[in-house]
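K.L.:
Generate a structure from the sequence data that follows.
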Amino acid sequence: MDALLGRETRAHHDIDIIVSVSDVPILLEVCCGKGFTLREGSPQHAFVLVNESGREIDVHTVDFSSDGSAAHRMDTGETWIFSAESFTGSGVIEGVRVLCLSAEAQVRCHAQGYTPTEKDLRDMELLQEAFGVELPPLLQRAQA
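P.N.:
Got it, this is the predicted structure:
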């Protein structure tokens, strides 16, 4: 989220990344070599790596199709499809340009599967301000 916005908007202890299932072995090799260990989850679907200082990498695996779309197989057995356009975001982390999910894809992900917290609502408002994305009712604060 902050990478897409190009600035840190709040303190973070983790980063969420999307990785091709075929790249998981090398990701594990590199991260384990840097002191990260598998805390929970399944490398075939989604998992969390953590280091001694409590930093976390939340990994979501996908299978990319030739058209650029990707399928994420959730632990529930359901499949989440990312359109090719979902991967058109660009952001910055500590001065380094990184690929990100688009603002629209971020909104779509946050509008599914869980009740948003205060930080989620604030994140969505920042995306709306920066990119003009439309927020579904679930991601809008109740009007007084």
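K.L.:
how would you label Glu125: helix, strand or coil?
P.N.:
Counting by DSSP: H, G, I helix; E, B strand; the rest coil, the backbone at Glu125 sits in helix.
K.L.:
That one and Gly41, how far apart?
P.N.:
According to C-beta to C-beta, to the nearest Å, Glu125 and Gly41 sit 29 Å apart. The C-beta positions use only the backbone N, C-alpha and C, and glycine is treated the same way.
K.L.:
For Ser66, grab the count of nearby residues.
P.N.:
5 (other C-beta atoms under 10 Å).
K.L.:
quick one: secondary structure of it?
P.N.:
coil.
K.L.:
quick one, strands of the protein?
P.N.:
Counting by DSSP state E, one finds strands in the chain at the ranges 14-20, 37-42, 46-50, 56-64, 70-73, 79-82, 89-93, 96-100.
K.L.:
which strands and helices sit next to the fifth one?
P.N.:
On a contact count with 3 or more C-beta pairs under 8 Å, 6 or more residues apart in numbering; DSSP states H and E, strand 70-73 meets strand 14-20, strand 56-64, strand 79-82.
K.L.:
Tabulate those strands (TSV), appending distance to His45, mean pLDDT and mean neighbour count.
P.N.:
TSV is the format used below for those (distance: least, C-beta to C-beta, whole Å; pLDDT from 0 to 100; neighbours: other C-beta atoms under 10 Å):
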stretch	distance to His45	mean pLDDT	mean neighbour count
strand 14-20	11	93	15
strand 56-64	6	96	19
strand 79-82	10	94	15
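K.L.:
So for Leu4, which of those strands sits nearest?
P.N.:
strand 14-20 (11.4 Å; C-beta to C-beta).
K.L.:
what's in contact with that closest one?
P.N.:
27, 48, 55-64, 70, 72, 82, 101 (C-beta atoms under 8 Å, 6 or more residues apart in numbering).
K.L.:
and with 7 Å instead?
P.N.:
Here strand 14-20 makes contact (C-beta atoms under 7 Å, 6 or more residues apart in numbering) with Leu27, Arg55, Glu56, Ile57, Asp58, Val59, His60, Thr61, Val62, Phe64.
K.L.:
Quick check: neighbours of it in the sheet, parallel or antiparallel?
P.N.:
strand 56-64 (parallel) (DSSP bridges).
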